[in-house]
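Engineer: Structure here, sequence nowhere to be found:
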Ligand SMILES: Nc1ncnc2c1ncn2[C@@H]1O[C@H](COP(=O)(O)OP(=O)(O)OP(=O)(O)O)[C@@H](O)[C@H]1O
Ligand SMILES: [Mg+2]
């Protein structure tokens with residue numbers, strides 16, 4: 001695991017290992033209120049990277065920029081590069097970007113649908129209709145999020161009937177189902 005303790009930690013990876021990195025990233029809410037300062041970070045492939053910082057220090061702000069979820073609320077200065085692509089380029093396909101850089105939000109937000117539908121929703125929207133394949137991905141994703149054993153007998157029950165922790169694991173499974181390149185998962189201690 002790579003631990004990044006902002007703002008002092010800057011590490012340089014071999015170019016081939018850094019599929020995602022930022023250079024001098026600053027974020028401004030409301031035009032002038034700066035919430036992220038000059039962050040140059042690199043995220044190594046196939047590695048868990050933890051961003052640790054006090055409440056309100058800007059971790060979520062930073063992460064939201066990486067897949068353009070801050071577009072409507074903030075101005076972003078600096079560079080974000082993903083596989084050689086400038087993430088802030090005007091003509092980028094943000095849906096494709098978010099498929100590659102997924103996000104699990106700080107608070108669980110399952111769809112008001114069944115457990116199974118939470119996992120299959122995006123896959124179906126992307127044209128996957130093979131029932132056997134969908135069942136396989138449902139199981140794989142729930143296993144990867146350590147939820148399978150608890151829900152395997154109630155896949156068609158409402159996701160909203162799960163506990164908060166189970167809902168959050170379901171959201172992790174939902175995010176994993178589309179096989180993102182990176183998954184940004186926000187946890188609260
Ligand atoms: N949409 C927004 N508009 C204005 N200010 C915002 C917005 N979102 C966050 N902020 C402010 O930006 C700062 C950083 O917030 P952020 O949510 O990034 O912190 P965090 O490090 O994720 O905190 P926590 O550990 O509590 O999740 C806070 O002062 C917060 O009030
Ligand atoms: Mg946060």
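Structural biologist: Received, thanks. From a predicted model like this one, the values you see are computed outputs, not experimental measurements. Ligands and ions are numbered 1, 2, ... in the order given.
Engineer: C-alpha from now on. contacts and neighbour counts both.
Structural biologist: Fine.
Engineer: where does the closest residue to residue 174 other than its chain neighbours land on pLDDT?
Structural biologist: By the measure of Cα to Cα, 6 or more residues apart in numbering, the closest residue to residue 174 outside its immediate chain neighbours is residue 119, 4.6 Å from it. Looking at residue 119, its pLDDT stands at 98.
Engineer: dump the residue contacts of residue 119.
Structural biologist: Applying Cα atoms under 8 Å, 6 or more residues apart in numbering to residue 119 gives the contacts 138, 141, 170, 173-175, 177.
Engineer: so where does the nearest residue to residue 120 once chain neighbours are set aside fall, helix or strand?
Structural biologist: Excluding its sequence neighbours, the residue lying closest to residue 120 (Cα to Cα, 6+ apart) is residue 134, at 6.6 Å. Following DSSP states H and E, one finds residue 134 within helix 131-144.
Engineer: buried sites along the following helix or strand past that helix?
Structural biologist: Elements were assigned by DSSP H and E; along the chain past helix 131-144, the next helix or strand is helix 148-151. In terms of neighbour count (16 or more other Cα atoms under 10 Å), helix 148-151 has its buried residues at 148, 151.
Engineer: Which residues does the following helix or strand past helix 148-151 contact?
Structural biologist: Scanning the chain past helix 148-151 towards its C-terminal end, the next helix or strand to appear is helix 164-177 (assignment: DSSP H and E). Surrounding helix 164-177, the residues in contact under the criterion Cα under 8 Å, 6+ apart are 102-104, 107-110, 115, 118-120, 123, 137-138, 141-142, 144-147, 159-160, 183, 185.
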